[in-house]
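Trainee: let's see this in three dimensions:
(chains A and B)
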Amino acid sequence: MTPIDQIMQQDHERLDQLLEQSAHAVANGTWQEAAHFLETFRHGIVDGHMEVEESTLFPAYEHQEGGEDHPLTALLRKGHQDLRVFFEEMAEAIQNQDAETFDDLLSTVQTILKQHDTKEETELYPFLGAALADHGEAAGKRILDFEAKSSS
Amino acid sequence: MSEYNGCELPEDLFYDLDYVWVRPEDDGTLTIGVTDPAQTMSGRLQKARIKKVGTHLEAGRHVATLESGKWAGGVPVPFAGEVIARNEQLLEDPHLINIDPYNDAWIARVKPDEPQHALDNVKTGVEALAALEAWIKRYGVQCMRCSE
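Mentor: Residues are numbered from 1 along each chain as shown, chains lettered A, B, ... in the order given. The predicted structure is shown next:
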């Protein structure tokens, strides 16, 4: 089984590609395709990636580090909250066929994701194997199953 | 004016207990900006985008997005309403937020859809200050504001 930190990092890369595909479709004016890719991205990141982090990975890390009010997970949860709103705004921009607004939002979201993902990959994921009783096997399986369903 | 770890926290404002302050105006509109600890966390701001006048926003949507070299994020409105003014100066010079977050660097003025409920999701007074001090402590923020 691939370690949980590698699975999560690979999921970041897969999601980045979906967002890029949506941006590419917006640039080409193929709005239906853009909406499809954005929704696939949103579903993958919100209902898959973030859900696994918030329900399993963050609590395990917080438990190991001694409390719920940990600055790292508080910041990451806040990032998720912001991103969910941005994804809704991006979907609206596509619905309105408003490339200018979409590009502005994309620039901000990509900056947030870059910083957010780096923080997770350097400060959180490397410590999950030790923080989770099964070394992250169940959480990793959930992500891999979610990826498989998304691509089928 | 309260101060904690060098962060100024005006007692007469309302706060979403995260990044945003809200000031009720005499005409029933509400002015929105970001707090001193939030501007410190964000670093030197290099880009600001603010929704156009006339834009209607649901509660929780972003009235602005801000970016520094190390941070990017949205400024959510705590209530639904219409943008009736925005601070054009910030579009040219977003760094002003790092200098004067509570006065010259206000972000937008919004007319709430339901004035009687506009402040339902924000706090003021002792409760707000205690929560903001906990926020500052959690993130280990030591405020500093640029003079220019």
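
Trainee: local confidence estimate at residue 85?
Mentor: By default, I'm working from chain A. What the model reports as pLDDT for A:Val85 is 96.

Trainee: that was the other one, I meant chain B.
Mentor: So, for B:Ala85, pLDDT stands at 98.

Trainee: next, the buried residues of the helix or strand where it lies.
Mentor: Assigned by DSSP states H and E, B:Ala85 belongs to strand B:81-86. Buried residues in strand B:81-86, counting neighbours by 16 or more other Cβ atoms under 10 Å in any protein chain shown, are found at B:81-83, B:86. For every residue, glycine as well, the C-beta is placed using N, CA and C.

Trainee: ok, that strand: who's next to it in the sheet?
Mentor: strand B:56-57 (antiparallel), strand B:108-112 (antiparallel) (DSSP bridges).

Trainee: make JSON lines out of those strands and add mean pLDDT.
Mentor: Shown next, in JSON lines, are those (pLDDT from 0 to 100):
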{"stretch": "strand B:56-57", "mean pLDDT": "96"}
{"stretch": "strand B:108-112", "mean pLDDT": "98"}
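
Trainee: out of the ones you listed, deepest packed?
Mentor: strand B:108-112 (a mean of 22; mean count of other Cβ atoms under 10 Å in any protein chain shown).

Trainee: so where's the chain shaky on pLDDT?
Mentor: I'll assume chain A. Residues of chain A meeting the criterion pLDDT under 70: A:1.

Trainee: oops, wrong one, chain B.
Mentor: B:146-148.

Trainee: mind listing what the residue in chain A positioned nearest to chain B touches?
Mentor: Chain A approaches chain B most closely through A:Thr111 (3.8 Å), counting by Cβ to the nearest Cβ. Listed by Cβ atoms under 8 Å, 6 or more residues apart in numbering or on different chains, the contact set of A:Thr111 reads B:67, B:72.

Trainee: tell me which element it is part of?
Mentor: Element membership for A:Thr111 (DSSP H and E) is helix A:99-119.

Trainee: close to chain A: what parts of chain B are there?
Mentor: Proximity of chain B to chain A is confined to B:18, B:49, B:60-62, B:65, B:67, B:70-74, B:76, B:138-140 under the rule Cβ under 8 Å from any Cβ of the partner chain.

Trainee: of those, closest to chain A?
Mentor: B:Ala72 (3.8 Å).

Trainee: tell me who's in contact with that closest one.
Mentor: B:Ala72 neighbours (Cβ under 8 Å, 6+ apart): A:108, A:111-112, A:115, B:65-66.

Trainee: now do the helix holding A:Thr111: distance to the chain's middle.
Mentor: With Cα atoms, centre = their mean, to the nearest Å as the basis, helix A:99-119 stands 12 Å off its chain's centre.

Trainee: once you drop chain neighbours, what's closest to the residue nearest to the spatial centre of chain A?
Mentor: Nearest to the mean C-alpha position of chain A, counting by Cα atoms, centre = their mean, stands A:Ile45 at 3.7 Å. Of all residues not flanking A:Ile45 in the chain, A:Leu15 sits nearest, at 5.1 Å (Cβ to Cβ, 6 or more residues apart in numbering or on different chains).

Trainee: surely the one you found is in a helix?
Mentor: Yes - assignment of A:Leu15 by DSSP: H, G, I helix; E, B strand; the rest coil places it within a helix.

Trainee: start to end distance for stretch B:87-98?
Mentor: Using Cα to Cα, to the nearest Å, one end of stretch B:87-98 lies 15 Å from the other.

Trainee: one step back: which element follows the helix holding A:Thr111 toward the C-terminus?
Mentor: Heading C-terminal from helix A:99-119 (DSSP H and E), you reach helix A:128-131.

Trainee: what does that next one rub up against?
Mentor: Helix A:128-131 has contacts (Cβ under 8 Å, 6+ apart) with A:3-5, A:8, A:57, A:60-61, A:63-64, A:135-136, A:139.

Trainee: any buried residues in that helix, and which?
Mentor: A:128, A:131.

Trainee: I'd say A:Ala60 and A:His135 touch.
Mentor: No - using Cβ atoms under 8 Å, A:Ala60 is not in contact with A:His135, being 10.6 Å away.

Trainee: which of these two has more neighbours?
Mentor: A:Ala60 (18 against 15; other Cβ atoms under 10 Å in any protein chain shown).
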